[in-house]
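Engineer: Let me see the structure of the following:
(2 chains)
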2 protein chains.
Amino acid sequence: MNRKEFRDLASPDEAREAIDSLSLEGGIERVSLEDARGRVLVARLDAELDVPGFDRASMDGYALRARDTFGADEADPARLEIVGEVHAGAEPDVALEAGEAAEISTGAVMPDGADAMVPVERTDTDAGGDAVLIRTSVAPGDNVMFAGADVAAGERALGPGTTITPRDIGLLSALGVDEVPVRAKPRVGIVSTGDELVRPGDDLHSERGEIYDVNSYTIAASVEDAGGEAVLYPHAGDDRDEMERILREAAAECDLVLSSGSTSASAVDVIYRVIEEQGELLLHGVSIKPGKPMLIGRLDDSAYVGLPGYPVSAMMVFRTFVAPAIREAAGRPEPAAATVTGRLAREERHDQGRHRLMPVGLVESGPSETARNGGGESAEGDGDGETLVYPVDKGSGATTSLADADGVVEIGPETDYLEEGESVTVTLFSPDVRPPTLFGVGEDDPAFSRVLDGLENPRYLAVGSRPGLRRLREGVPDVAVVAGPLDRDVQADNIGQWDREWGLVVRAGNPDEIEGLADLVDRDLRFVNRTTDSGLRSSLGGAVADLAEERGTDRREIVDAIDGFDLGLRAHESPARKVIAGDADAGLGLRETADRLDLGFVSLGEQPVRALANPDRTGKEGVRELERALEDESSVQR
Amino acid sequence: MNRKEFRDLASPDEAREAIDSLSLEGGIERVSLEDARGRVLVARLDAELDVPGFDRASMDGYALRARDTFGADEADPARLEIVGEVHAGAEPDVALEAGEAAEISTGAVMPDGADAMVPVERTDTDAGGDAVLIRTSVAPGDNVMFAGADVAAGERALGPGTTITPRDIGLLSALGVDEVPVRAKPRVGIVSTGDELVRPGDDLHSERGEIYDVNSYTIAASVEDAGGEAVLYPHAGDDRDEMERILREAAAECDLVLSSGSTSASAVDVIYRVIEEQGELLLHGVSIKPGKPMLIGRLDDSAYVGLPGYPVSAMMVFRTFVAPAIREAAGRPEPAAATVTGRLAREERHDQGRHRLMPVGLVESGPSETARNGGGESAEGDGDGETLVYPVDKGSGATTSLADADGVVEIGPETDYLEEGESVTVTLFSPDVRPPTLFGVGEDDPAFSRVLDGLENPRYLAVGSRPGLRRLREGVPDVAVVAGPLDRDVQADNIGQWDREWGLVVRAGNPDEIEGLADLVDRDLRFVNRTTDSGLRSSLGGAVADLAEERGTDRREIVDAIDGFDLGLRAHESPARKVIAGDADAGLGLRETADRLDLGFVSLGEQPVRALANPDRTGKEGVRELERALEDESSVQR
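Structural biologist: Purely as a prediction, here's the structure:
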């Protein structure tokens, strides 16, 4: 094999400099006021007119000459002759002389001769409506907003670089501006390559090693989050000519081209070649983890960044290097980095020498909210609630880790070890991120999943019963959900318990007439098991032991006689899906799963499922909310 | 006049309850993954497949049986026969027996018989490529990502109520989901009424009291900020039938109808009547300032809220009552209220008995950043930089105050007095709001305005030279810009000074052959002055005194002889615009203004303009940046 190796890795700062040296800016466009929200003004706007454009009555009442009211009060009102009426939106057809007043509406033009007004509440009409009694005295200008008092013609209204808020739209409306010059959003072309990639929604052939294209839509959404306009190009596969054609088309149409997806040598070769022929390669490989295989350069007239193929790596590189450049080009200020300080839930060791971006989840240990900070400074949680920070890592090929993470801890290249309990600062993925109200781990259970649906903002990782219990003992999650028998004493509060029926999921109508476990032992049937992490597997172990005892034989003999007993799948629905696919005659599962997938079911018993709370967290609001929800659910069900 | 009066004002809590009792929800819609960012999921999504869907090689290298590598190391490699090759996106056409290996690419399907893989870096090829030397030993499963290890079929993927982030889009893509059910955005119809309102972009007739419609676009942008979909209805004027038709059309098409704009009795009457006939009025008038005249009710099948007509009041009521209801209906969490704590820059007195929402601006007194808080708790500024909070209030008719404000201080109905220096908490308009880097006040000057264009995020209020100096003495702004002679000692640092030519702006070509001030005194010419706040007026005062001395007469005699001397306009361009409009023969102004508007100019002299910094703020970064920019500007100009 002939693969390019990345040598001479650049530092993160060198990568930033390389991206800064590219121009991603999209030019100028004019947008209507309706589309101006959030856009960035490119030029100063000065007021072209006075606001208001005329001397304006601030209330309903009477326009008059202030001098005529001098000395007037409740007891001794001034009496003025009513000589007309002025409505908002109408030109006054009256001019006042001494001793005269005109009815006037809020917002109407002050008539000639008037220099003040009195609100209707301080007046009475007199003489059948021909005169008005003014029961207060006013000074010239009282209750009048003069022309230009709000904004004066020629005044600087909004400066260049202003990100237009609804309040600015108010100002622009007042000035009669219906179109503004703004920075065009940088156009960012996204090219994903790789024969194995399939667009979501299309059919997937797993047997061929196909996977859904994760990066395209994820990066597109991230580009838009950063203020760019994402353009998705058709997926190129690994055909070299096609890939070159698409890359060059994207470069011609966009300010920045991002490629990602393929890890194949041929894709990398094409990209290298096109960049060498049509552009310039500034940098290949950054000393950062995840994200090492990154390319920065120019392709024709466009900037180019090659992202790593693994989704988590691609996203971390995007966030760290590309998003700031897009925001800069879009004229958007860097968002106030919302940070949270917390204690690391377990020690972390890693290789020295690379800057590391560690996706983490947050869990609050007490009843109060996490101390958050929106301005780049850190704030400790108060005594009641402390924040635990745990690394989220499903391995480098994982696509979904980031959906379970709240933010990132950056670790410098000189650090190779972080102690448990060490204070770390987490940069949240966005200021909107809220740590979950409840963090649970353990068995995947459909009834529990429904209960979670009713909670505010839970996070649940279906790691299985045993790993769930282990993590609970380590003190990180709030709750572990454990199915089957508890094989040892657990320091935890049982906050809810329910039963579920488990057994063999078989073909619809049970055509093999499977009656129980003995059939799997005695007949030629293909079985699919769950992994030992699962609570179902524990109960199956008990049934195997019972059958062995009944037959006076060894447990191992029973197990060896079952075809597929050692093939354990992690997902609770996977055995049932193997039955559907015809790859097995029976799978370990729940009645609920069989019912939902329209399959047959052979019951082997009921098993308890327990929600066990971390004893230190029983006062936490999310845990109490779960406890109440479990009570409600069981009172409905039973 | 027969106007409705609001009696029995509701409390803010009653208003919130009334709005909560309305249903604004827009139902469910399905959107494609490309449009899903920021939308709110209405149902739980479970994984329908395993991710990955197959056992997947994590690196480039060789698939093999772990058992065959036991004991292998650098010195004593295991030698395996290469029997095939598996690429990403291809179905393996090979199955391994003991002693065999297959080349495999990252992401490719593990062939049958293989249970581990070894990265290419730990191998060498042998025997012309027919065999491979494995220089490490691996355990079963090493460097393989098993099917479902990332997400397992049946696993809970995303819960209902999830606001979809790019990270969630990654998860959905991995699951092959290309469309998701989300909450429809609540449709919010915006109806503005009032004969005086003109849409921005159309011609304005100020003499008839017309003003641009500020509320429609501002509220529309605010609706979209809150997660709603804004629908602007054509402006109805005060015609009753037309207004009723538009209100009912909006009610039929939208989940919420907002009206605003007209303060006329006839509009209010129509709205009352339509609500009474076709709906229900729940509340009229809230004990809040600004914002008292608010209506809450139902119109046909739609919710209805009548906002006050004044833009500042309308926006404050919208923010306080309507935006939370729209966010709730859109399924959006309340944004973390970003708050800043600061000292009140001047005492504030107001009427007891109404809850008050006071728009304020922020200014930082020191070199450091404002202490901000994104999580609802307050944090004091550190010792270096303190935040001053000053009320922004141009009067109830002002449309633009909010563009000069950063947030709101809420004051309870029991409070009627806040001391200068009192600590107050400001809720920022949004977490994105940044206090200005520089806060200046004073003379409107075109050269200074250009300098501001180059600064990061300045705020400048063109209040005139005298008020600017007064505010500087009160200690609020960082800088005051003062034109003309300084009539008293000022405790301030002069950080930049330049000259500008001032005089009489006259018609193009100076057809009246005006040569100087004497012409205004001696001839029958109409003049337009500036207000005494302006530095230009001070210099004009000096010229008048000189002329009086030259003629051996009294200053008052000169002034009385100038037609229009007492008519002072606030805006620096307004006198010039009066000349253009034919309302005056000469106006006080700058050569630069005359040149820009293609008018003639009669010079009366040069006047100095000084940027005077608050002596306590000379270390502030924004002030230093201004000082540098003024130096650069003068070195370019001179």
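
Engineer: State the distance from A:V182 to B:R199.
Structural biologist: Distance of A:V182 to B:R199, given as Cβ to Cβ, to the nearest Å: 20 Å. No exception for glycine: its C-beta is placed from N, CA and C like everyone else's.

Engineer: Looking only at neighbour counts, state which of these two leads.
Structural biologist: A:V182 (23 against 18; other Cβ atoms under 10 Å in any protein chain shown).

Engineer: got a list of what the more buried one touches?
Structural biologist: For A:V182, the contacting residues are A:I28, A:E29, A:R30, A:V31, A:A36, A:R39, A:V40, A:L41, A:V42, A:I164, by Cβ atoms under 8 Å, 6 or more residues apart in numbering or on different chains.

Engineer: now that we have those, which one has the most neighbours?
Structural biologist: Neighbour counts for the contacts of A:V182, by other Cβ under 10 Å, peak at A:A36, which reaches 24 neighbours.

Engineer: is it true that that residue touches A:V180?
Structural biologist: Yes: between A:A36 and A:V180 there is a contact at 5.3 Å, judged by Cβ atoms under 8 Å.

Engineer: can you list the contacts of A:V182 in TSV and add distance to chain B?
Structural biologist: Below are the contacts of A:V182 laid out as TSV (distance: Cβ to the nearest Cβ, whole Å):
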residue	distance to chain B
A:I28	15
A:E29	17
A:R30	12
A:V31	12
A:A36	8
A:R39	11
A:V40	12
A:L41	11
A:V42	11
A:I164	8
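
Engineer: Next to chain B, which bits of the stretch 1-150 of chain A? Give me the list.
Structural biologist: Counting by Cβ under 8 Å from any Cβ of the partner chain, the residues of the stretch 1-150 of chain A close to chain B are A:1, A:3, A:33-34, A:36-37, A:44, A:46-47, A:49-54, A:56, A:58, A:60, A:86-91, A:103, A:105-109, A:120, A:145-150.

Engineer: Just the buried residues of these.
Structural biologist: By neighbour count, with 16 or more other Cβ atoms under 10 Å in any protein chain shown, these hold A:33-34, A:36-37, A:44, A:46-47, A:49-54, A:56, A:58, A:60, A:86-91, A:103, A:105-109, A:120, A:145-150 as buried.

Engineer: And the strands in the stretch 51-200 of chain A?
Structural biologist: Applying DSSP state E, counting those that start in this stretch to the stretch 51-200 of chain A gives strands spanning A:56-57, A:61-64, A:78-86, A:100-104, A:116-119, A:123-126, A:131-134, A:144-145, A:156-158, A:179-183, A:187-192, A:197-198.

Engineer: Could you list the buried residues of stretch A:527-540?
Structural biologist: So, applying 16+ other Cβ under 10 Å, buried residues of stretch A:527-540: A:527-531, A:533-540.

Engineer: Please list the members of the contacts of A:V182 that lie in strands.
Structural biologist: Assigned to strands by DSSP state E, the following of those qualify: A:I28, A:E29, A:R30, A:V31.

Engineer: any idea which of the residues you listed is closest to B:D115?
Structural biologist: Of all those, B:D115 sits closest to A:E29, with 57.4 Å by Cβ to Cβ.

Engineer: Reformat the contacts of A:V182 as CSV; add pLDDT.
Structural biologist: Shown next, in CSV, are those (pLDDT from 0 to 100):
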residue, pLDDT
A:I28, 95
A:E29, 95
A:R30, 97
A:V31, 97
A:A36, 96
A:R39, 94
A:V40, 94
A:L41, 95
A:V42, 94
A:I164, 94
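
Engineer: Would you check which pair of these lies furthest apart?
Structural biologist: Between any two of these, the greatest separation by Cβ to Cβ is 14.4 Å, found for A:I28 and A:I164.

Engineer: where are the low-confidence patches of chain A?
Structural biologist: Along chain A, segments meeting pLDDT under 70 span A:1-7, A:238, A:261-267, A:336-337, A:352, A:366-385, A:394-397, A:487, A:635-638.

Engineer: Next, find the distance separating the residue of it most remote from its centre from chain B.
Structural biologist: Largest separation from the mean C-alpha position in chain A: A:A127, at 68.9 Å (Cα atoms, centre = their mean). As for A:A127, its distance to chain B is 16 Å (criterion: Cβ to the nearest Cβ, to the nearest Å).

Engineer: Work out for me the element A:E249 sits within.
Structural biologist: Per DSSP states H and E, A:E249 falls inside helix A:240-253.

Engineer: That helix and chain B, are they touching?
Structural biologist: No: figure legend: helix A:240-253 not in contact with chain B (Cβ under 8 Å from any Cβ); closest approach 14.0 Å.

Engineer: That helix - contacts with which helices or strands?
Structural biologist: Packed against helix A:240-253, as judged by 3 or more Cβ pairs under 8 Å, 6 or more residues apart in numbering or on different chains; DSSP states H and E, are the following elements: strand A:187-192, strand A:256-260, helix A:265-278, strand A:295-299, strand A:302-306.

Engineer: Packed most tightly, which of the ones you listed would that be?
Structural biologist: Highest mean neighbour count of those: strand A:256-260, a mean of 30 (counted as mean count of other Cβ atoms under 10 Å in any protein chain shown).

Engineer: any idea how far A:Y217 is from A:D225?
Structural biologist: 13 Å.
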